[in-house]
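Trainee: kindly return the folded structure for what I paste below:
(chains A and B)
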Amino acid sequence: NAGVTQTPKFRILKIGQSMTLQCTQDMNHNYMYWYRQDPGMGLKLIYYSVGAGITDKGEVPNGYNVSRSTTEDFPLRLELAAPSQTSVYFCASTSGTNSPLHFGNGTRLTVT
Amino acid sequence: DAKTTQPTSMDCAEGRAANLPCNHSTISGNEYVYWYRQIHSQGPQYIIHGLKNNETNEMASLIITEDRKSSTLILPHATLRDTAVYYCIVRVGFSGSARQLTFGSGTQLTVLP
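Mentor: Numbers count the residues shown, from 1 in each chain, chains lettered A, B, ... in the order given. From the prediction side, this is the model:
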């Protein structure tokens, strides 16, 4: 199994540009999460989804949007990139109660 | 979800047991304790979890106190590859705000040769 796959691995954006970070999982998990991690810091929850068509805000949702049209995919959209969004972004999924999170390998984003 | 408190950093000699504490004094009766670790800037990796009883797997042991207000992750024979940030989180099922799975800052474990 591929698990949780994130693309791209690296990206450099100019201020004001937009992009979509892709996340897909092949484990048929209902619950999916987007985290960001700034250098030397812990993970902060951006958005999460409990199933197709259902999304909700986490701790730091401003500047981001998500959608969940299928169980497998949970893309994260940055509309107007800002330097404060320079970070490493992790996607994760789980099947639910009493099950661990499975993380992707991250997308390293730099906004200049 | 209950808040957790972990030391910022710890050192351990290679080959010795690494004991990483976590305080979760406000844990509820139905909240599980989970441990993850993050090596360099890779995605966090699941280690172990438990509810009340002590747990052991091929990676580590988890000791939960009888009052469930704290726990200890034990790496029995630490190696240099165990150098990582270790996160302790507590969570209940997936209703309401418990759907938000939040991480603290974790403990930086450095295994010394």
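Trainee: name the nearest residue to the closest residue to chain B within chain A, ignoring sequence neighbours.
Mentor: Residue of chain A nearest chain B, by CB to the nearest CB: A:F103 (3.3 Å). From N, CA and C alone the C-beta is placed, and that goes for glycine too. Take A:F103 and drop its neighbours on the chain: the residue closest to it by CB to CB, 6 or more residues apart in numbering or on different chains is B:G43, 3.3 Å away.
Trainee: likewise for A:D26?
Mentor: Of all residues not flanking A:D26 in the chain, A:A2 sits nearest, at 5.3 Å (CB to CB, 6+ apart).
Trainee: same question, A:L13
Mentor: According to CB to CB, 6+ apart, the nearest residue to A:L13 is A:A81 (4.4 Å).
Trainee: wasn't the residue nearest to A:D26 part of a helix?
Mentor: No. Secondary structure of A:A2 (DSSP: H, G, I helix; E, B strand; the rest coil): coil, not part of a helix.
Trainee: from B:T65, how far off is it?
Mentor: A:A2 is 39 Å from B:T65, where distance means CB to CB, to the nearest Å.
Trainee: next one: A:G96
Mentor: On the measure of CB to CB, A:G96 and B:T65 end up 27 Å apart.
Trainee: and after the worst-scoring helix or strand of chain B on mean pLDDT, which helix or strand comes next?
Mentor: With mean pLDDT, DSSP states H and E as the measure, the helix or strand of chain B carrying the lowest mean pLDDT is strand B:84-91 (a mean of 89). Once the chain leaves strand B:84-91, the next helix or strand it forms, by DSSP states H and E, is strand B:107-112.
Trainee: which other helices and strands contact that following strand?
Mentor: Counting contacts by 3 or more CB pairs under 8 Å, 6 or more residues apart in numbering or on different chains; DSSP states H and E, strand B:107-112 packs against strand B:9-13, strand B:18-23, strand B:84-91.
Trainee: strand partners of the first one, parallel vs antiparallel please.
Mentor: When sheet partners are counted by DSSP bridges, strand B:9-13 sits next to strand B:107-112 (parallel).
Trainee: then the longest one?
Mentor: Strand B:84-91 has the following sheet partners, assigned by DSSP bridges: strand B:32-38 (antiparallel), strand B:107-112 (antiparallel).
Trainee: quick one: it to strand B:18-23, angle?
Mentor: Inter-element angle recorded for strand B:84-91 and strand B:18-23: 30 degrees (by axes from the mean of the first three to the mean of the last three CA atoms, to 10 degrees).
Trainee: same question for the first one.
Mentor: With the same axes, to 10 degrees applied, the angle from strand B:9-13 to strand B:18-23 works out at 160 degrees.
Trainee: avg pLDDT for strand B:9-13?
Mentor: Mean pLDDT, strand B:9-13: 97.
Trainee: and it, how far out from the chain's middle?
Mentor: Relative to its chain's centre, strand B:9-13 lies at 15 Å (CA atoms, centre = their mean, to the nearest Å).
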